[in-house]
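Chemist: Would you be able to build a 3D model of this:
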Amino acid sequence: MADFTTAKKWLKNANTVIITAGNGMAQSEGLDILSEERFDDQFGKIAAKYDVHTIGDALDKKFATWSEQWAFWSELVNEYSLQYEPSEVMLALKNLIRDKKYFIATSTFAHFFENAGFNENRIFNAFGDWTKMQCSSGINHGQKDDREVVERFLQAIKNDNVTEDLVPKCEDCNSPMELHMPLNANFFPDTDANARFRWFLTGAEDKNVVILELGVDETSPQLLDPMVKLVEQFPNWHYIAADLADEDMPVDLEKRALGFDSNVHDVVLGLTK
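Modeler: The predicted structure is shown next:
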């Protein structure tokens, strides 16, 4: 296992930290889209009707009606985002970078970092954010906040009165709205946040930078390989990975990369002790 002493030194000397966060971070915050645990108990009718047994499988499934789809989405968004309370890991991470310039690129999509109080202008949700919605037509009409829609569906579920007229419609073309996530080919990334991230990276070329990778796996390679390439390019940059081992790092980064081969929880708390 890598050395926390060296990693802490790099972080102390850094004036800029770039956090990349993936499935491992989401799991740390209570959202495991691949787990079958509790799904059938929570969503028994959906599980039986569509033969889906994980959140990920259910998100990939097209339901029979938009109201049924939005009722399911609303329960997910409520449980994992509206009711979210930052874990000790998230609070420790916030404290770890409190005096640093930072940017967060994440595939977690559940609004964790925003809810925890990180600057929204310093967050790029690479796989979207399910507290937002987009037009389902395949035309990019922008994103809208969906939390009021979620609240209406939750009330309708409580009253056993979920109807199609509750389904949000696009203001431009009247098509049904869907979650701002890559559920299909219609997904449109947040280009404004992407542009801010690119400008941030450009402005940090000559800085002492640490890239802190938290639970990024092969499902989001755009948050992994390009970041390693940047560290290879800039001699003042360092790379710290929670779930990769030292031997997974490129040979060229031998002295500027550390892999802990552990989970996000243990690594973040280890860095803050």
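Chemist: shouldn't residue 66 be in contact with residue 167?
Modeler: Yes: under the criterion of Cβ atoms under 8 Å, residue 66 makes contact with residue 167 at 4.3 Å. Quick note: C-beta positions are derived from backbone N, CA and C, even for glycine.
Chemist: Any stretches of this structure with poor pLDDT?
Modeler: Low-confidence regions of the chain, defined by pLDDT under 70, span residues 1-2.
Chemist: Run through the strands of this protein in chain order.
Modeler: In the chain, strands defined by DSSP state E lie at 16-21, 101-106, 123-125, 129-135, 143-145, 177-180, 209-214, 237-241, 257-259, listed in chain order.
Chemist: Which one, of those strands, ends up nearest to residue 221?
Modeler: Across the strands of the chain, the minimum distance to residue 221, taken as Cβ to Cβ, is reached by strand 16-21, at 11.1 Å.
Chemist: Neighbouring strands of the closest one in the sheet, and parallel or not?
Modeler: Partner strands for strand 16-21, per DSSP bridges, with pairing direction: strand 101-106 (parallel), strand 209-214 (parallel).
Chemist: which residues sit in contact with the spatially most central residue of the chain?
Modeler: The centre of the chain sits closest to residue 108, judged by Cα atoms, centre = their mean, with a distance of 1.7 Å. Contacts for residue 108 (Cβ atoms under 8 Å, 6 or more residues apart in numbering) come out as 21, 22, 23, 25, 26, 29, 31, 125, 127.
Chemist: Could you pull up phi and psi at it?
Modeler: phi -80, psi -30 (degrees, to the nearest 10).
Chemist: What's the separation between it and residue 252?
Modeler: Relative to residue 252, residue 108 is positioned 29 Å away (Cβ to Cβ, to the nearest Å).
Chemist: Kindly report the same for residue 174.
Modeler: According to Cβ to Cβ, residue 174 stands 54 Å off from residue 252.
Chemist: ditto for residue 31
Modeler: From residue 31 across to residue 252, the span is 35 Å (Cβ to Cβ).
Chemist: Same drill for these two, tell me which one is more crowded.
Modeler: Using other Cβ atoms under 10 Å, the more surrounded residue of residue 31 and residue 252 is residue 31, with 20 against 11.
Chemist: give the contact list for that one.
Modeler: Going by Cβ under 8 Å, 6+ apart, residue 31 touches 55, 80, 108, 110.
Chemist: Present the contacts of residue 108 as a markdown table; the columns should include distance to residue 99.
Modeler: Shown next, in a markdown table, are these (distance: Cβ to Cβ, whole Å):
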| residue | distance to residue 99 |
| --- | --- |
| 21 | 20 |
| 22 | 25 |
| 23 | 28 |
| 25 | 21 |
| 26 | 26 |
| 29 | 23 |
| 31 | 29 |
| 125 | 25 |
| 127 | 29 |
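Chemist: OK, contacts around residue 243?
Modeler: 24, 213, 215, 216, 217, 260, 261, 262, 263, 264.
Chemist: next one: residue 131
Modeler: Contacts of residue 131 were listed using Cβ under 8 Å, 6+ apart, and they are 77, 81, 82, 110, 111, 145, 146, 147, 150.
Chemist: Which residue, other than its chain neighbours, is closest to it?
Modeler: Take residue 131 and drop its neighbours on the chain: the residue closest to it by Cβ to Cβ, 6 or more residues apart in numbering is residue 111, 4.6 Å away.
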